[in-house]
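1. mind looking at a prediction? Sequence and model below.
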Amino acid sequence: MPDPSAGILLYRRTPAGPEVFLIHPGGPFWAKKDFWSIPKGEYESSEDPLAAARREFQEETGSPLMVDRPDGDFLPLGVIRQPSGKQVTAWAIEGDFDPATLVSNTCMIEWPPRSCRQIEIPEADRGAWFDLVTARKKIFKGQEALLDRLAEALR
C-alpha cells in the first residue's frame, strides 16, 4: 500500500462564488496534460497529517502561508482514496496566494523512462485559481470529492 498523503485545499470567496487554488505537476510527463491537484505529499506514520499537509503546501508553492495558521482555522475534508490506491487526508482553509510567486521544490526522476538518466524537475510547475465548476474539470478524478466536501461545508 502506498504511503499516505496529506494536503491543503486553499480557497477564497469571490462575488462569483468560491475559487480553489490548484497546482499543476511538473516534469515532462505532465507538460502537455491538463490535470491539476491540491498541494499534497506523502508523510511518515510518525508525522502529524496536518503538519505534513502544511509542510507540503510550503514545499510545493514556496509560501509559508500555512505555517502561522492556528490548527482551528483548518476545515477537515476527511480522507479520499485515489484510483492508484493512495489515501489522501485533506483540509481546506480560506486564504489567498499569488500564483505568480509559486516556487516549488524539486525532485529527481528518471527521464525518459528506463533510460537510467536522471533529471531534476519541479514538483509543481505552476498554480492557478479555479471556480468550482472549472476545478472539477481539471482536478485529478480521485480528488473531486474534496471539491464536493468543500462546497457542502461552504453552504
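-> Yep, that arrived. Numbering: from 1, shown residues only.

2. so for stretch 52-67, mean pLDDT?
-> What stretch 52-67 shows for mean pLDDT is 90.

3. so how far is that stretch from its chain's centroid?
-> 10 Å (C-alpha atoms, centre = their mean, to the nearest Å).

4. what's the nearest residue to Ile119 if we skip its chain neighbours?
-> Trp111 (4.8 Å; C-beta to C-beta, 6 or more residues apart in numbering). C-beta coordinates here come from the backbone N, C-alpha and C atoms, glycine included.

5. my guess is Glu19 contacts Leu10. True?
-> No. Taking contacts as C-beta atoms under 8 Å, Glu19 lies outside contact range of Leu10: 9.3 Å.

6. hey, where'd the helices end up in the protein?
-> 49-61, 132-138, 144-154 (DSSP state H).

7. of those, which is nearest Tyr43?
-> helix 49-61 (3.4 Å; C-beta to C-beta).

8. which strands or helices does the closest one pack on?
-> strand 5-14, strand 40-42, strand 87-94, strand 124-131 (3 or more C-beta pairs under 8 Å, 6 or more residues apart in numbering; DSSP states H and E).

9. what inclination does it have with respect to strand 87-94?
-> 80 degrees (axes from the mean of the first three to the mean of the last three C-alpha atoms, to 10 degrees).

10. helix 49-61 to strand 124-131, inter-axis angle?
-> Orientation of helix 49-61 against strand 124-131 (the same axes, to 10 degrees) gives an angle of 110 degrees.
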